[in-house]
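output the structure for:
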Amino acid sequence: MNLLIVNFHYFRDQKYDSGIYPITPKQFEHQVNLLSRRYQFISQEKLASWVVKGKQPTGDYCLLTFDDGLKEQMNAYEWLHSQKIPAVFYIPTNPIKEKSVLTVHKLHLLRTRIADQVLLKEVEAKFEISFDQSKQDVAAGQYRYDDPQSQKLKYLLNFSLTETQKKEFVDQSFYKLFGDETRYSENFYMNENDIRKISVNGMVGSHGASHQPLATLSQVEMIDDIKNSTQFLQNLTQQQILSFSYPYGSKAAVTEQVASIVEENGYRFALTMWRGMNSNAELARPFLLHRFDTNDVPGGKKNEGDANAK
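Below you'll find the predicted structure:
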C-alpha cells in the first residue's frame, strides 16, 4: 500500500512576491486531475478505519489536506464536494473563538507589503539571537522554497523568539497596515457555520488552538492547547474529531511526546510535514504520518507534469 498525503494552504488567484504563495483554483483542479490518474482519493474516516483495524489494502491512495482554516478554502471545499472528492480541513481554533489573527498569518500578510530583508534587519536589531550553521540548515529544510534571508527570518520568528516576543514585534506593524484585527479575522478565517458545513461530510480535523510548534511548549501548555482545540471542535460539530495536523509539522515542532499527547486525546492519526510516502510501515506509526507540500507532487512547482510522486 502507498498513501500520498498532500497539503495546501492559501487558495486564491492573487499572486505576491513574498509572504503568501497560493495555489489558484485552476492550478488546484489541474493538480487534482493529475493525481487522480494514479491515486484513489480517500477520506479521513477511511484512513482512520485502516489504522484501527491494523490492515491496509493494496494499491495507491491519496488524502488531500488543507491547513489553517482559511475562509478562501471554502471555495476549494465547494469544488471538491461537487466532484465527490474527500479532503480534510485542519482548523486552528483560537482565531474562531477569539476573532483574532494568528501571529503566523500576520507575518505572512506583512511580508506581502514589507520586504523580508527589511523585516530581518528589524528583528536582528531588536533581539540578540544566535543563528549558526546548524540552525541555517534546519531553516533551509523547513522553508525549502524561500531564499536564505527569508528562511532565517521565518526561523527566528517561529522557533527562536518566544511567542510573547514574536507577537509584540508583529502586532504593531500589522495594525498600522491592516487595521482592526477582529474585523480582519472575520473575513480571513472560516466561521462556525463554515466548519459545521464541512463537518457534515466528515472533513474537519484539528490544527491545534494557538498554531504554535507544540514541541517548544511546556507539557502543560501542550496539553492545554490540544485539549482546547479538541473540545471546541467536538462541541461545535457534535462529532468526534478523527485526525490532527501538527502546526509547522517539522521535526523541531513534533516529538514522540507531542504525538503521545495527541493520541491520548482520542485522535486516530496525525500528520507531520516530514516529506515522504506512507507505506504499511508508516501506518504502523499513525501519529507520525508523512506528508508532501503541494509543490512536491504531480502538478506542483517541483513536479510539473510528473505523474509519479517520489
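
and for the biggest helix by length in the chain, what's in contact with it?
What stands out as the longest helix in the chain, according to DSSP state H, is helix 219-237. The contact list for helix 219-237, computed with Cβ atoms under 8 Å, 6 or more residues apart in numbering, reads 91-93, 96-97, 192, 195-196, 199, 204, 206-210, 212, 214-215, 217, 240-241, 244, 257-258, 261-262, 265-267. Placement of C-beta: from N, CA and C, glycine included.

okay, now the residue nearest to residue 13 when sequence neighbours are not counted: neighbour count?
Leaving aside its sequence neighbours, residue 13 sits nearest to residue 24 (Cβ to Cβ, 6 or more residues apart in numbering; 5.1 Å). When neighbours are counted by other Cβ atoms under 10 Å, residue 24 registers 14.

just the helices in the stretch 1-150 of the chain please.
For the stretch 1-150 of the chain, the helices defined by DSSP state H, counting those that start in this stretch cover 25-36, 44-53, 73-83, 94-98, 103-111, 116-126, 133-142, 148-155.

also the stretch 201-310 of the chain?
For the stretch 201-310 of the chain, helices defined by DSSP H, counting those that start in this stretch occupy the ranges 219-237, 256-264, 280-283.

and residue 61, which of the ones you listed is closest to it?
Closest to residue 61 of the helices of the stretch 201-310 of the chain, according to Cβ to Cβ: helix 280-283, at 10.7 Å.

number of nearby residues for residue 132?
Neighbour tally, residue 132, other Cβ under 10 Å: 7.

same question, residue 21
Applying other Cβ under 10 Å, we find 17 residues neighbouring residue 21.

local confidence estimate at it?
Per-residue confidence (pLDDT) for residue 21: 92.

I'd say it and residue 10 touch.
Yes. Using Cβ atoms under 8 Å, residue 21 makes contact with residue 10 at a distance of 6.9 Å.

domain assignment for this structure?
2-100+191-296, 103-183 (automatic domain parsing).

so of those, which one's packed in deepest?
Of these, the one with the most neighbours on average (mean count of other Cβ atoms under 10 Å) is domain 2-100+191-296, at a mean of 18.

not counting its neighbours along the chain, what's nearest residue 287?
Going by Cβ to Cβ, 6+ apart, residue 287 has residue 259 as its nearest residue, at 3.9 Å.

next one: that neighbour from residue 69, what distance?
22 Å (Cβ to Cβ, to the nearest Å).

with residue 10 instead?
12 Å.

quick one on the thing from earlier: confidence score at the residue nearest to residue 13?
So, for residue 24, pLDDT stands at 97.

residue ranges with poor pLDDT in the protein?
Of all residues in the chain, those with pLDDT under 70 make up the ranges 302-310.

how about the contacts made by residue 83?
residue 32.

next: residue 274.
So residue 274 contacts 249-251, 254, 288, 290-291 (Cβ under 8 Å, 6+ apart).

now with 10 Å?
By Cβ atoms under 10 Å, 6 or more residues apart in numbering, the residues touching residue 274 are 246, 249-251, 254, 282, 288-292.
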